[in-house]
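Asks: Give me a model of this one.
(4 chains)
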Protein chains: 4
Amino acid sequence: MIDVQNQKDSRNIPIQKVGVKDVEIPLKIERKQNNELEVVYAKAKMSVNLEPCYKGTHMSRFIEILNEYRHESIYCNDIEKILFAMKKKLEAKSAYLKFSFKYFIKKQAPKSKLESLMCYDCAFEAQVDDNDDYKFYLMAKVPITTLCPCSKEISKYGAHNQRALLSLKIGYDKNSHIWLEDLIDMAQSCASSEIYPLLKREDEKFVTEHAYQNPKFVEDVIRDVVDIFEKNEIINYYEVEIEAFESIHNHNAWAYQKSQK
Amino acid sequence: MIDVQNQKDSRNIPIQKVGVKDVEIPLKIERKQNNELEVVYAKAKMSVNLEPCYKGTHMSRFIEILNEYRHESIYCNDIEKILFAMKKKLEAKSAYLKFSFKYFIKKQAPKSKLESLMCYDCAFEAQVDDNDDYKFYLMAKVPITTLCPCSKEISKYGAHNQRALLSLKIGYDKNSHIWLEDLIDMAQSCASSEIYPLLKREDEKFVTEHAYQNPKFVEDVIRDVVDIFEKNEIINYYEVEIEAFESIHNHNAWAYQKSQK
Amino acid sequence: MIDVQNQKDSRNIPIQKVGVKDVEIPLKIERKQNNELEVVYAKAKMSVNLEPCYKGTHMSRFIEILNEYRHESIYCNDIEKILFAMKKKLEAKSAYLKFSFKYFIKKQAPKSKLESLMCYDCAFEAQVDDNDDYKFYLMAKVPITTLCPCSKEISKYGAHNQRALLSLKIGYDKNSHIWLEDLIDMAQSCASSEIYPLLKREDEKFVTEHAYQNPKFVEDVIRDVVDIFEKNEIINYYEVEIEAFESIHNHNAWAYQKSQK
Amino acid sequence: MIDVQNQKDSRNIPIQKVGVKDVEIPLKIERKQNNELEVVYAKAKMSVNLEPCYKGTHMSRFIEILNEYRHESIYCNDIEKILFAMKKKLEAKSAYLKFSFKYFIKKQAPKSKLESLMCYDCAFEAQVDDNDDYKFYLMAKVPITTLCPCSKEISKYGAHNQRALLSLKIGYDKNSHIWLEDLIDMAQSCASSEIYPLLKREDEKFVTEHAYQNPKFVEDVIRDVVDIFEKNEIINYYEVEIEAFESIHNHNAWAYQKSQK
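Replies: Numbering: from 1, shown residues only, chains lettered A, B, ... in the order given. A predicted model of the protein is given here:
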């Protein structure tokens, strides 16, 4: 059968990224706490560059590579192998992928110590360029509580507070390792209060009072995260975004910071 | 050209609803405050029944009907005309439609009295059945603040509060009329606090203290709405749903009630 | 600490459903092919009724029940136990739950026979009423290809085709069992062509020609599904919806059928 | 009342962007065809930088600025005024905004010449930096049909085709002007076939055959767009992304290109 993708293209236009998106796949990642690989529900986005001379890339090969690697760990440097497999199998010079997945972590209520599972939207993003230079990024979206310092200050009692979403993306030294569990902890330490899946009354009292004692604007949260990231010697790149679903408005407050250290 | 849709079908299976969905269209509706028709961004969902003998319906006719009626008011009894046009043009016995749209209402901050626009997701849903019986439903999704009575009661200070979404659907006597503005007011009167697009500091103080003085579970909100709907003599059908985006959890509290009076 | 939820309410309004929504949780379900329980990423929606005399329900107990049952199978009659646990722990007369989850099934390409994973959005919905009557519903959303019979008929060559989503919900006799795998097969058998995660060229040729030889309107697909459901002696309730993301329009064609046999 | 936002912050961390998001607002833009300003449903995202010395920005001022400018045109250079108003009112050095909106354009069926409205997701994005340098970007998401060249080539009859979304973002010389209507036309000219809201049978025959005669991979579409943008002397920056909702898969094919000329 004729290989249409392999035909010559006369437009002389190279393409930076071409591939597949929203491929649903169960992947395996290593947890901080034990050595077993955990199966996570993931969506894959994968691409390679396309030389000007070829009409198209071979999309089915991305799926074949996923099938090959889905039984192995995909954390950090493990992904380098996948990217090189993509370059080879698709005869490309650069390769890119992003695995977005649902990650459950056990979380203890602050007072009752009852344990339950909290789910975080996490992602690994990585690329290998023309010079075989490998870059890996760790991403997590962490729901937190923010309590408004202005509202607290000017009101006789109470203070508006709300769920907010803190989105983190970090790059770090290849020879180091940062666990999702630790990245999520960094995020939670910057909140007015952490968010929990299960709270009994004694816990609810604690988080309510704790948030009231720790009022934070989105500006405060982002500065506290930036402060942690700047002081961390392993992290060499970061993006932080926070979006607070204001309880008194129908729009959101947000802040964003990006830095290549 | 052959009319494939008009061909005979041998399976002898009538279809209850067949039509189009997610048709984006600017529609015109009447406001409470003035007589001018307001253009709203809408999505239309339209269907008719299909007799067992026909292979298919003629989808393009739904779009032609929309084009015909998009310059006229579509409020309440106006829609009856559209449904009868659908029955006629598509040679059907019953017809259904839903127009979901974005509706802006001016809202004054409680203290500064500054005016701004608040947007609500609203909808009109209607149907005509085999007996030409017409039913019309008015729907609105109203964002509000809820402040937790338990959190307030057990904590030394503060109380968790959050944005919540109150979704209302009502049916009422054909010879009456209920304005979206009034339905939305009913919803807002049941909240711990209304939500505003623009609040200066004096307003923020007011809404913070007001919410703290009016703690409400989702159960309280739904009961207050039900109470209003039950006492309203025009309303003969209602569905109420509330979903609170809990500031201390990553899941939502919700409650639902439905009644044919 | 005072139990605010347990306080008396004077409005005398019972609530039909109150509970939690969008609780993310890993659940375990039985596969058709082997006896091992498969972990799936799920979202839980759970509610009970609330007697008029109580101010509120105890939301944290839903999470405790989930934690208790998340290690056991949740298929079909297993859920009855969970619903009775909800009734007991929350002192309620009726209970409702819906588990929506991502379900992977191995799928073989039609010609190359290469195997890959396809993901389906599935759900279990169930309730126990005042009389301890238990109802269970099986749900699946199945992506398929539809190829337009009219377009094929009137055009010299080609025919527009597109991805469509077929959503099924069935109720069946408590003493029987229907596997998700079989429900999904029923759906796929009604398409112009099944959809696959991995297709090599020989497979692509096959699905292209197969779809062209099996043109189907949304009306045809829904009738074929209804025909299967009507002839199935175990199924006693069904809802079918199909939405085709038309390749020539920016709106969708859809059809819907519901029946209590 | 105390101005908490104005308090000194000791962390010495400047913030790049802080502001509001998802503000729903009706805005006015100029159409190509006539001089009247058209009201569009929009969502605004606005931010300014924050000096290290201040604790917070004043979020309500963004809304006040929107209220002030929502009666005027917001096209291209009009936005410069808004950004400078933001810098002034919020005492900031840089300002950023994005208006995303629904834009209706009349579209004629190719043969019957029947006219109907097609809706596009469009956006204006703009910023002013520390040096008062102004940048403006025009964005549009254009649904099109793609028909697979490989599927056509290897199959005896038919070819899989699908709805695809072509997302364009361009920057251009401040002294020039590009209409959304023209940007959308550029996108549509690169498709296997344009997409229409209303097609009668003679039109459906035309678009089916036209698509079959113009098979395009996502690679072909993106190259054709890039070719147009490269040859356009006004455009000095572009990003192009295409995502095809494959009718034979449940994942999407995509391609991406970005260039600063």
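
Asks: Compute the number of surrounding residues for the residue lying closest to A:Asn250 once chain neighbours are set aside.
Replies: Closest residue to A:Asn250 in three dimensions, ignoring its sequence neighbours and counting by C-beta to C-beta, 6 or more residues apart in numbering or on different chains: B:Pro143, at 4.7 Å. (C-beta placed from N, C-alpha, C; glycine too.) Burial measure for B:Pro143: 24 neighbouring residues, criterion other C-beta atoms under 10 Å in any protein chain shown.

Asks: Buried residues of stretch A:100-118, list them for me.
Replies: Burial within stretch A:100-118, assessed by neighbour count using 16 or more other C-beta atoms under 10 Å in any protein chain shown, is assigned to A:100-105, A:107, A:109-110, A:112, A:114, A:116-118.

Asks: hmm, I was thinking of stretch A:81-97
Replies: Taking 16+ other C-beta under 10 Å as the criterion, stretch A:81-97 shows A:Ile82, A:Leu83, A:Ala85, A:Met86, A:Lys87, A:Lys89, A:Leu90, A:Ala92, A:Ser94, A:Ala95, A:Tyr96, A:Leu97 as buried.

Asks: touching chain D at all, it?
Replies: No. Stretch A:81-97 lies apart from chain D when judged by C-beta under 8 Å from any C-beta of the partner chain; the minimum separation is 9.3 Å.

Asks: what about the helices in chain A?
Replies: With DSSP state H applied, chain A shows helices at A:60-69, A:78-89, A:149-154, A:180-188, A:201-213, A:218-231, listed in chain order.

Asks: Let's have those helices in TSV, adding distance to C:Ser47.
Replies: Written out in TSV, the entries for the helices of chain A read as follows (distance: least, C-beta to C-beta, whole Å):
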stretch	distance to C:Ser47
helix A:60-69	38
helix A:78-89	42
helix A:149-154	32
helix A:180-188	29
helix A:201-213	20
helix A:218-231	33
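
Asks: Reformat the ones you listed as JSON lines; add mean pLDDT.
Replies: As requested, the helices of chain A are arranged in JSON lines below (pLDDT from 0 to 100):
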{"stretch": "helix A:60-69", "mean pLDDT": "97"}
{"stretch": "helix A:78-89", "mean pLDDT": "96"}
{"stretch": "helix A:149-154", "mean pLDDT": "97"}
{"stretch": "helix A:180-188", "mean pLDDT": "98"}
{"stretch": "helix A:201-213", "mean pLDDT": "98"}
{"stretch": "helix A:218-231", "mean pLDDT": "98"}
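
Asks: and B:Glu30, which of those helices is closest to it?
Replies: Between B:Glu30 and the helices of chain A, the shortest gap by C-beta to C-beta is with helix A:149-154, which sits at 37.9 Å.

Asks: list the contacts for the closest residue to A:Leu183 other than its chain neighbours?
Replies: Leaving aside its sequence neighbours, A:Leu183 sits nearest to A:Ala140 (C-beta to C-beta, 6+ apart; 5.3 Å). Contacts here follow C-beta atoms under 8 Å, 6 or more residues apart in numbering or on different chains; on that basis A:Ala140 touches A:Tyr103, A:Tyr120, A:Asp121, A:Cys122, A:Ala123, A:Ser167, A:Leu168, A:Leu180, A:Leu183, A:Ile184, A:Ala187.

Asks: Tell me if I'm right that the second one and A:Asp185 touch.
Replies: Okay, so that is A:Tyr120. No. Here A:Tyr120 does not reach A:Asp185: they are 11.3 Å apart, not a contact under C-beta atoms under 8 Å.

Asks: neighbour-wise, which of these two wins?
Replies: For A:Tyr120 versus A:Asp185, neighbours defined as other C-beta under 10 Å are more numerous around A:Tyr120 (20 against 13).

Asks: So which bits of chain A are right by chain C?
Replies: Among all residues of chain A, those adjacent to chain C (criterion: C-beta under 8 Å from any C-beta) are A:1, A:3, A:23-26, A:39-41, A:60, A:63-64, A:67, A:102, A:104, A:114-117, A:119, A:197-202, A:205.

Asks: Give me the subset of those residues that lies in strands.
Replies: Among those, the members falling in strands are A:23-26, A:39-41, A:102, A:104, A:115-117, A:119 (criterion: DSSP state E).
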